[in-house]
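Undergrad: Build me a model:
(chains A and B, ligands or ions: 1)
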Amino acid sequence: MMIDRIARHVIEGGRVNADEALDLYRHAPTHRLGQLADAIRARKHPARVVTYIIDRNVNYTNVCVARCNFCAFYRPVGSADAYVLGFDEIFSKIDDTIALGGNQLLLQGGHNPDLPIAWYEDLFRAVKARYPDFKLHALSPPEVLHISRLNQVPVPAVIERLVAAGLDSIPGGGAEILVDRVRRLLNCYGKASADEWLDVMRHAHRAGLRSTATMMYWTVETDEERIEHMLRLRALQDETGGFTAFITWSYQPEHTERGGVEATGVDYLRTLALARIVLDNFDNLQASWVTQGGKVGQLSLAYGANDMGSVMIEENVVRAAGAAYCMDEIEIVSNVEDAGFTAKRRNMHYEILGDPIFRERDIPRMLALETARAAGDSSVPEELRNYPARSRAGKQLRLAQ
Amino acid sequence: MSIDGLLDRVAAGEALSASEVLELSAGHDLLALGTLADAARRRLHGSRVTYLRVAVCPFDDVRAGVVPAAAREIRLAGAPDSLGVALTAVERAKAVAGGRVVSGLSWADVARLAADAGVPPARALADLRAAGLEALAEIPIDAVADLAAVLGTLTAAGFGPLRLTVAAAPLAPRTALLLQVAELQRQSGAIRAIDPLPTSLDAFRPTTGYDDVKAVAVARLAAPNVASVQVDWLRHGPKLAQVALIFGADDVDGVPAADEAPEGRRRAPLEEVRRNIDAAGLTAVERDGRFQVVS
Ligand code: SF4
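TA: Presented below is the predicted three-dimensional model:
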């Protein structure tokens, strides 16, 4: 009966509180949760349009001092397979992205102590000089914080300098669960506490940037903490209105220090649907087909998602942890249409750019995701010598160059 | 069509009409379909989901060493060249299986082996049954010319209750076939289970998540008189198999019997299948190849 009352409240456009969200999550049948989430999706997107973006997920370095225990991607400073991409490598990835109809890089990386803020500024300027219309969706809040600490420049000034260099928007990575108890257990409190993560986003939104928000669930958080995470995002969205979209995925355990098992598909659909209900001030929810696979990814469209995220082209982070699903534009569009929706390309601001590009011109099929670098490529980019290193290993590398 | 009205009828055990099933199957309201199929499943099985651990053996390599003790059924894989080879493989498998079910071959295999041996399918089936074969691995409702005749031949040869499969039919013809299965079941009562997801997977045109869960839900609603709707764990993977359970499936077939788990016990197939069933809010119960619960 309680579920019926909350469901009516949601259908009438009401906002749920923490207790109601918990009741729904724990007790509502999965299809019921889906129907509530789908009703909200239909209210916000009545034209049955499902969007996606063609962009490339580039990880500029895998060197990271944060050492989150759920991460299979990072390498400690000085590792044999540590890398920093060269500017030319990044340009060539942009060329490939443009060839596939893409208009943006999602650029994220580890917390590398040997990359000062000037490296980012020079990279962004160089990208914008060569590709003036190309967008940089770059540097999640913990990376911004890392740059701020490393260079002893306050966060608002870091954002201002990066925007001046060409930053267009900020990805919502590194949020994990925005509860400090959880962050301590995941060894990611040091990279950013919950307040610090939210503060970076607050500053970014105030500076006129839009960003996404994410949640990685199924590590050590309780149901209540998962809901607290959503409520903290909802509160900041009430304040700034700067979030364009919310993306959730389950922890990918392979090859991580933490280990364990992956959440199930039903857990994912329930969590997604709950997010659609709780985050009533977010317009867009992405389906995480990269972690859930194409089938559950498509089913997400019935459980509140209205966006298929990115065609990706390249992925390194969740692949390192065992997820390696790939869908190119043709496959994404056929999944969207098969589910009874109309597929449209969008930009990072969720503005519609047009119909699928493969219907306008021939584009190469992409049947496997690219990686940051070919295996065994340990080359050190030429321009790194221009940037002073902080770490002993970094200094040695510069000397050897 | 009011979903609430349909839900009341399904929950009361009433079969939906063919036109109602066809309309639901052609629509995009996946959650309505899922809600109805879940209600039908719960009426028949409550929260119980059965699973079957199967040892899949190549027909030319049947040895005790390749059949784990935990297997509840031995399923012969591959297509033998002749009826003689098939009979030998079945006899060997039966010797290893003891009291456990030996299954294998598709209807097409049987028809081919019989034709090559110059005997009618009924004769070949009787010989295979006598050698110890208890079930065919595939009886594809979309790949036999006369399903009623096939079911008749199988039951006359001592096979049954039967487990039907689908080879590759797309949704619309499959729905019509599933309605036909319900009719045949009304006449014969010989069908125990249906696995509505395609056994032949097309790497270039894979089915989608919507296709698959719709197929499961439609099977449940079109043939409510068939006790079990199955999903194959190994063929379709944990995520889809689990989601199928909330769209009307009540039985997980094809769980590997070998508990190879290099990452530790929690990731072994048995633990994984039980964890997934549990996380769908259902109760996992092991069964044997004759659909009997294993205590
Ligand atoms: S999740 Fe990011 S910050 Fe944490 S260790 Fe991995 S790369 Fe570093």
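Undergrad: Which phi and psi values does the residue nearest to B:S106 when sequence neighbours are not counted adopt?
TA: Among residues not flanking B:S106 along the chain, B:E138 sits closest, at 3.7 Å (CB to CB, 6 or more residues apart in numbering or on different chains). Bear in mind the C-beta positions are built from the backbone N, C-alpha and C, glycine included. The phi and psi values for B:E138, taken as degrees, to the nearest 10, are phi -140, psi 120.
Undergrad: any idea how far the nearest residue to A:D168 once chain neighbours are set aside lies from A:R43?
TA: Spatial nearest neighbour of A:D168, excluding adjacent residues (CB to CB, 6+ apart): A:K135 at 4.5 Å. Separation of A:K135 from A:R43 (CB to CB, to the nearest Å): 29 Å.
Undergrad: who's more crowded, the two?
TA: Per other CB atoms under 10 Å in any protein chain shown, whichever of A:K135 and A:R43 has more neighbours is A:K135, with 22 against 11.
Undergrad: measure the more buried one to chain B for me?
TA: A:K135 is 30 Å from chain B, where distance means CB to the nearest CB, to the nearest Å.
Undergrad: now do A:E382
TA: According to CB to the nearest CB, A:E382 and chain B sit 41 Å apart.
Undergrad: Can you get me a residue count around that residue?
TA: The local packing of A:E382 (other CB under 10 Å) involves 11 other residues.
Undergrad: Is residue 14 in a helix, a strand, or coil?
TA: Using chain A. Classification of A:G14 using DSSP: H, G, I helix; E, B strand; the rest coil returns coil.
Undergrad: wrong one, chain B
TA: Under three-state DSSP, the three-state class of B:E14 is coil.
Undergrad: Counting neighbours, show which residues of stretch A:140-155 come out buried.
TA: Across stretch A:140-155, burial judged by 16 or more other CB atoms under 10 Å in any protein chain shown covers A:S140, A:P141, A:P142, A:E143, A:V144, A:L145, A:H146, A:I147, A:S148, A:L150, A:V155.
Undergrad: Need phi/psi at the third one.
TA: A:P142 has phi and psi values of phi -60, psi -30 when expressed as degrees, to the nearest 10.
Undergrad: If I look at it, what pLDDT would I see?
TA: The per-residue pLDDT reported for A:P142 equals 98.
Undergrad: Contact partners for it?
TA: Going by CB atoms under 8 Å, 6 or more residues apart in numbering or on different chains, A:P142 touches A:A66, A:H111, A:G173, A:G174, A:C188, A:K191, A:A192, A:W197.
Undergrad: With the first one instead?
TA: A:S140 sits next to A:Q108, A:I170, A:P171, A:G172, A:G173, A:G174 when contact means CB under 8 Å, 6+ apart.
Undergrad: In the stretch 251-400 of chain A, which residue sits closest to the ligand?
TA: Relative to the ligand, the nearest point of the stretch 251-400 of chain A is A:V317 (7.2 Å; CB to the nearest ligand atom).
Undergrad: residues near that residue, how many?
TA: Counted with other CB under 10 Å, A:V317 comes out at 21.
Undergrad: for the residue lying closest to it once chain neighbours are set aside, phi and psi?
TA: Once flanking residues are discounted, A:V317 sits nearest to A:F73: 4.5 Å by CB to CB, 6+ apart. Dihedral pair for A:F73: phi -90, psi -40, per degrees, to the nearest 10.
Undergrad: What segments of the stretch 301-401 of chain A are helices?
TA: A:317-320, A:329-338, A:392-400 (DSSP state H, counting those that start in this stretch).
Undergrad: Nearest to B:S17, out of those?
TA: Among the helices of the stretch 301-401 of chain A, helix A:329-338 comes nearest to B:S17, with 26.2 Å by CB to CB.
Undergrad: on that earlier part again, so which of the contacts of A:P142 comes closest to B:D288?
TA: Of all the contacts of A:P142, B:D288 sits closest to A:C188, with 47.2 Å by CB to CB.
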